[in-house]
Structures are given as structure tokens and as C-alpha cells.
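[1] Next come a sequence and a model predicted from it.
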Amino acid sequence: MIGKGSELKKNEMHEAFKFRLLPTKEQEVLLAKHFGCSRFIYNHFLAEKQKHYLENKETLKFNACQNMLIKQKKNEGYEWLKEVNSQCLVATLVNLETAYTNFFKKKSKFPKFKSKKNKNSFQIPQHISLKTSNTIRVPKFKEGIKIVKHRELKGKIKSATISKNPSGKYYISILCVVEKPIKHKKTGKSIGIDLGLKDFIITSEGQRYCNPKLIRKYERKLAKKQRILSRKEKGSKGRDKARIAVAKVHEKITNSRNDMQHKISSKLVKDYDLIAIEDLNVKGMVKNHKLAKAISDVAWSSFVTKLKYKAQWYGREVVVIDRFYPSSKTCSCCDNVKESLSLEERTWTCSQCNTIHDRDVNASKNILRRALSIKSSGTDDYRNGAEVRPEVVSKATKGTGDEVLKKKVYENTP
Ligand SMILES: [Zn+2]
């Protein structure tokens, strides 16, 4: 959020609308100047802040940076800074300040210098409007830039971010203040979902939502394009081309994945009052394992994010259960815990009550049961289940796939 004045009324919320931007050749040049100036200001003041700290053992404050920026624009050789919307530059300073604050709050790493190879972007804090139904007007672009309007813009426009991705496409993300949606009517139904690799998710009612074939197809294409890229010489024109080809496939994977995730999360939130999921530390897993690709491809965390914010919009509840709970090998009928369950065992029979379980459906049933019991007791007593936790950790060392992934989670959890 940029600056002050972001107070929302009780019935309001922010919603971002992202559109493809279709600038003319001339506009592309001016956009490039905005990207360049924003990057320059970010890097320049990051260096200034570091220098100031080394020399004075204190932080260079935001206001001081802003005053330096005003002077800088008057300096000889820096006239080009005046060619762009000055508010974008101040917004960049705000971003740098936020990056610093997050670092001191230990929320993120120390800010890095930005390079041209990263995603290019700049923020526009105000004065954004629709000129025609498919042209957006922002400061310095009076004639308006064309957008591909695939959905209606709602509410009051607040700010925007323009970006250019590695494949060379331009986007504008417009932040609006909208009225909160009307909550869904209660359905009286709850559901547990297990996040898998083969199927994207499996519900306690036995539905499976698959990874679409489309993504698989793109994955093969991605592997091919990456091979081509790896053979190109560094700094060559062919390498640049190959890099763009890789970026384009990545983009297609992201788009179709988001599409799928939106459809599933909307449906779940519409149909169920309570949705139970497992707490999986995806960040820790991706860092440490060969299966990183598969995991990031199914993109658990981005799905959970969508699920959570939609639940909040529509008055639903998402309950996240303890990651040490052995959801796969506990019998959802009689609570008997199977001693071991290898990944190859897709179905198993409970030795106590003889129920035949589909591994994934049983897991999601347990996730739901667990969530409901946490809710009714108000606490999650499994955290104290010292007996179970070491067992799960040690047994999870064998095999591949989700048990191993879960083990990785344990290892990466402080
Ligand atoms: Zn049983």
C-alpha cells in the first residue's frame, strides 16, 4: 500500500484487477523509462542508505531520502528523472522503506539491488482512470494505454502497478476499493481436503481434482525449451531468444494453474461452511528436495492463499490442522493407527475394523475429523502428542513422495 489514506470503511475491501497492457511502440519507450528510473532510484537510495549507515551508524530516514531525491532531479546529468511521473519515484522510495522495515522486523532478507533481468515494474499511487472502456489513463500517458479487458473493473480505483514480465508482456494491476461481497448462505456442510501430487486435491467426499493435462503438456515443453537454453552460449542473441521461450512456457503454466485453482477454491467456498486443510510448510520443502518441481507445479501454497481469502470474503471458515498429525495411516472409522504405510499402498485395510481405505480419501476424512475436534475442544491437543511425533518423523525417511515431503517439512520447521 502506498502512503497514507488507505483507511477502509467497514463494508469495504481492496481488490486487485490485473489486465494485459498493449502499449504502442512510443509508449513502450516511455514505459521503459519508468522502469529504468524506478530501478535507478531504488538502487541509488539503497546504496545511499548503506553508505549513510557505515559513516554515521544510523539509518537514513525516508524524509531525508525524499529531500535528496528532489535535489537530485535538479542536478546536472539527471534531467531524465523529470521525464517520468514523479509520484512513481516517491512510491519507489516507499517500497525501499518497506523493504527495510520488513528486514528489521525479521520478516524478510536485507533488500537487494534490482537488476534489469528481474521483473520490471513501477507503481502509480494515484490519478488513474478509464479513458474508454478499454483504455487506461495514467499520468504521463494522457492518450491512454490499451488494455485487454477480460473482466469488469469494480469500485474506486486507488493505485496501480505496471509490470513487464521476462517474456516481454506488459500488465497493469489496478487496486480498487470495493464493497465486501455478500456472504454465502450456510450449507451446514464441512469438508476435508488432502493435497496430493498425483491428484491436485482429494476431498473427504471422495472427489479428486486433477492436475490438468494441459499443465503436463506444458511441463514437457518447458523441459525441452530449457534444454535448448542450456546449450546456448552466454551473452549470445540465441540465448536471449531461448530465455524468452522458456519464460513464455512458464507463463502458460502459471496461467492455467491459476485458472484451475480459482475454479476449485470458488466451488469449495460456495459449497461448504468449513474447509479443513493440512498445514504444509511448502517453503521449506521446495528449498530442500528433488521433488521441488512437482511441488511448485501443484503450487499448494498459492491454492491455500486463494482458498483463505475467498473464505474470508464469503464468510466461510478454513481450519488448518497440525502438520504432525498422521492423517494417512489413521483409520478414519475406528482411530486405529497403522504401523507403517508405504507410498505404494494406495489402499489399505484396517486390521481392527476391516474397513478398506483409499489412502487419500481416508487422509482427507481424517483432516476433517481433526479440524472438527480442534474446533469443538478449542485446542489442538496433538501438539502434545509426543508419542506420535517422533514416530512419524523417523518412519517418514523411507520412500518417495508425500511422506518424504512431510519429513522435509518437519526438518525445516524450527
Ligand atoms: Zn479401523
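    Received, thanks. Model, not experiment: these values are computed from the prediction. Numbers count the residues shown, from 1 in each chain.

[2] Can you show me the strands along the stretch 301-414 of the chain?
    Secondary structure of the stretch 301-414 of the chain by DSSP state E, counting those that start in this stretch: the strands cover 317-321, 347-349, 356-358.

[3] Dump those into TSV; add distance to residue 94, mean pLDDT and mean neighbour count as well.
    The way it works is simple: take the backbone N, C-alpha and C, and place the C-beta from them, glycine included. Output for those, formatted as TSV (distance: least, C-beta to C-beta, whole Å; pLDDT from 0 to 100; neighbours: other C-beta atoms under 10 Å):
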stretch	distance to residue 94	mean pLDDT	mean neighbour count
strand 317-321	32	91	19
strand 347-349	55	93	14
strand 356-358	51	94	16
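
[4] Turn these into JSON lines, including distance to residue 263.
    Formatted as JSON lines, the strands of the stretch 301-414 of the chain follow (distance: least, C-beta to C-beta, whole Å):
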{"stretch": "strand 317-321", "distance to residue 263": "17"}
{"stretch": "strand 347-349", "distance to residue 263": "28"}
{"stretch": "strand 356-358", "distance to residue 263": "23"}
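
[5] Just put the ones you listed in a markdown table and tack on distance to the ion.
    Listed next are the strands of the stretch 301-414 of the chain as a markdown table, based on distance: least, C-beta to the ion, whole Å:
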| stretch | distance to the ion |
| --- | --- |
| strand 317-321 | 20 |
| strand 347-349 | 9 |
| strand 356-358 | 8 |
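
[6] Compare those strands and give me the one nearest residue 370.
    Residue 370 lies closest to strand 317-321 among the strands of the stretch 301-414 of the chain, at 4.6 Å (C-beta to C-beta).

[7] from the chain's centre, how far out does the closest one sit?
    Taking C-alpha atoms, centre = their mean, to the nearest Å, the mean C-alpha location of strand 317-321 is offset from the chain mean by 19 Å.

[8] for that strand, packing partners?
    strand 274-278, helix 300-314, helix 359-377 (3 or more C-beta pairs under 8 Å, 6 or more residues apart in numbering; DSSP states H and E).

[9] Could you tell me the angle between it and helix 300-314?
    Inter-element angle recorded for strand 317-321 and helix 300-314: 140 degrees (by axes from the mean of the first three to the mean of the last three C-alpha atoms, to 10 degrees).

[10] Can I get strand 317-321 as CSV, trimmed to CA atoms?
    The C-alpha trace of strand 317-321 is given here as CSV (Å, rounded to 0.1, in the frame of the first residue of the first chain):
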residue,chain,number,x,y,z
GLU,A,317,-14.0,-21.0,7.7
VAL,A,318,-10.7,-22.6,6.8
VAL,A,319,-9.3,-24.7,9.6
VAL,A,320,-5.6,-25.6,9.3
ILE,A,321,-4.5,-28.7,11.2
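
[11] Partner strands of that strand and their direction?
    Using DSSP bridges, strand 317-321 pairs in its sheet with strand 274-278 (parallel).

[12] Let me see the mean pLDDT of stretch 257-277.
    For stretch 257-277, the mean per-residue pLDDT is 93.

[13] Same question for stretch 364-381.
    If you average the pLDDT values across stretch 364-381, you get 82.

[14] what's the answer for stretch 91-106, then?
    If you average the pLDDT over stretch 91-106, you get 90.

[15] chain center to that stretch, what's the gap?
    Here the centre of stretch 91-106 is set off from its chain's centre by 19 Å, with C-alpha atoms, centre = their mean.

[16] just stretch 217-235 next, same as before
    With C-alpha atoms, centre = their mean, you get 25 Å for stretch 217-235.

[17] average pLDDT across it?
    The average pLDDT for stretch 217-235 rounds to 87.

[18] got it, and stretch 39-46?
    On average, the pLDDT along stretch 39-46 is 94.

[19] Next, the residues that contact that stretch from outside, please.
    Contact with stretch 39-46 is made by 60, 65, 68-69, 72, 81, 89, 92-93, 95-96, 111, 113-114, 116, 120, as judged by C-beta atoms under 8 Å, 6 or more residues apart in numbering.

[20] rerun that using 10 Å as the cut-off
    By C-beta atoms under 10 Å, 6 or more residues apart in numbering, the surrounding residues in contact with stretch 39-46 are 52, 60, 62, 64-66, 68-69, 72, 78, 80-81, 84, 88-93, 95-97, 99-100, 110-116, 118, 120-122.

[21] So what's the gap between that stretch and the chain middle?
    25 Å.

[22] what's the answer for stretch 263-277, then?
    Distance, stretch centre to chain centre, for stretch 263-277: 19 Å (C-alpha atoms, centre = their mean).

[23] quick one: terminal-to-terminal distance for it?
    One end of stretch 263-277 sits 17 Å from the other (C-alpha to C-alpha, to the nearest Å).

[24] Give me the neighbour count for the residue lying closest to residue 72 once chain neighbours are set aside.
    Spatial nearest neighbour of residue 72, excluding adjacent residues (C-beta to C-beta, 6 or more residues apart in numbering): residue 78 at 5.5 Å. Using other C-beta atoms under 10 Å, residue 78 is surrounded by 15 other residues.

[25] ok, residue 78 - contacts?
    Residues counted as contacts of residue 78 (C-beta under 10 Å, 6+ apart) are 37, 40, 44, 69, 71-72.

[26] could you show me where the strands are in the stretch 101-250 of the chain, in order?
    Assigned by DSSP E, counting those that start in this stretch, the strands in the stretch 101-250 of the chain fall at 120-124, 129-132, 135-138, 141-148, 156-164, 170-179, 190-195, 199-203, 208-210.

[27] out of the ones you listed, nearest to residue 309?
    For the strands of the stretch 101-250 of the chain, the distance to residue 309 is smallest for strand 170-179, at 13.1 Å, taking C-beta to C-beta.
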